[in-house]
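Asker: Have a look; sequence and predicted model below, questions after that.
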Amino acid sequence: MIAGLIAGSLLLASAARAETSTIGRTWPIAEPDAMAEIEARAAQHPPNMAEKFGPRSGWSALKGATLATTREDRVRHVVPFYTLDTEIRLPDGKLLYPKGFTFNPLTYVSLPQKLVVVHPRDIGWALKTAALTDWIIVTGGGDPSDDALSLGERHGRALFMLEERVKDRLGLTVAPVIIRQIGQKLELTEVRPDRAQSRKANP
């Protein structure tokens, strides 16, 4: 018993020494410390950068794409075809896909979560009905202070801004709308705002 304890102590001591031992040749680090560089660069800027950009309500980067309001409950399907605007070649120069090649991305990837697209005024419904893994996407066109970033800070949840390219790719025309993948298509469930209170985001 005692011999076992002694042997264990020796092994632990050897392991502790091994953790701090130097094996092989070493050289001093030549690169400057990255954190020191960041801190030095940050010190050159004014303490409050927000003053240089003005109020957030005027930031064009937070202006989402606009959509009409859903007038009737409807379910439709969209295939988000994508067309290459340039050719793709392998490292050896062999052509893999020509310019103009059109394909359905859902053939190769899947959309695990649902997308819930709403006007800022319907954010309460989206927050109550969307699952934690769903993405809530906010349209533009509302009050300037109701951008996705401000609403997310207000409600304590990450929200996303609807971009024009996403609007076009998904074939969106109205909101509220719930988007989910069905096979190799997207199912768009358009919900009238006056009936949204009784509709869940996981139909």
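Answerer: That came through, no problem.
Asker: does Cys153 belong to a helix or a strand, and which?
Answerer: Wrong residue type there; residue 153 is Glu, not Cys. helix 148-155 (DSSP states H and E).
Asker: mind listing the strands for the chain?
Answerer: 68-69, 74-78, 82-83, 88-89, 95-97, 102-103, 115-118, 135-138, 160-161, 174-175, 177-182, 185-190 (DSSP state E).
Asker: Deepest-packed of those strands, please.
Answerer: The highest mean neighbour count among the strands of the chain, using mean count of other C-beta atoms under 10 Å, belongs to strand 115-118: a mean of 27. The way it works is simple: take the backbone N, C-alpha and C, and place the C-beta from them, glycine included.
Asker: neighbouring strands for it, and are they parallel or not?
Answerer: strand 135-138 (parallel), strand 177-182 (antiparallel) (DSSP bridges).
Asker: Which one of those lies nearest to Ile23?
Answerer: For the strands paired with strand 115-118, the distance to Ile23 is smallest for strand 135-138, at 48.7 Å, taking C-beta to C-beta.
Asker: Report the beta-bridge partners for the residue most central in space within the chain.
Answerer: With distances taken as C-alpha atoms, centre = their mean, the residue of the chain nearest its centroid is Phe160 (7.5 Å). Assessed by DSSP bridges, Phe160 has beta-bridge partners Ile137.
Asker: need the contact list for it.
Answerer: 135-138, 148 (C-beta atoms under 8 Å, 6 or more residues apart in numbering).
Asker: quick one: Val191 from Leu111, how far?
Answerer: Separation of Val191 from Leu111 (C-beta to C-beta, to the nearest Å): 19 Å.
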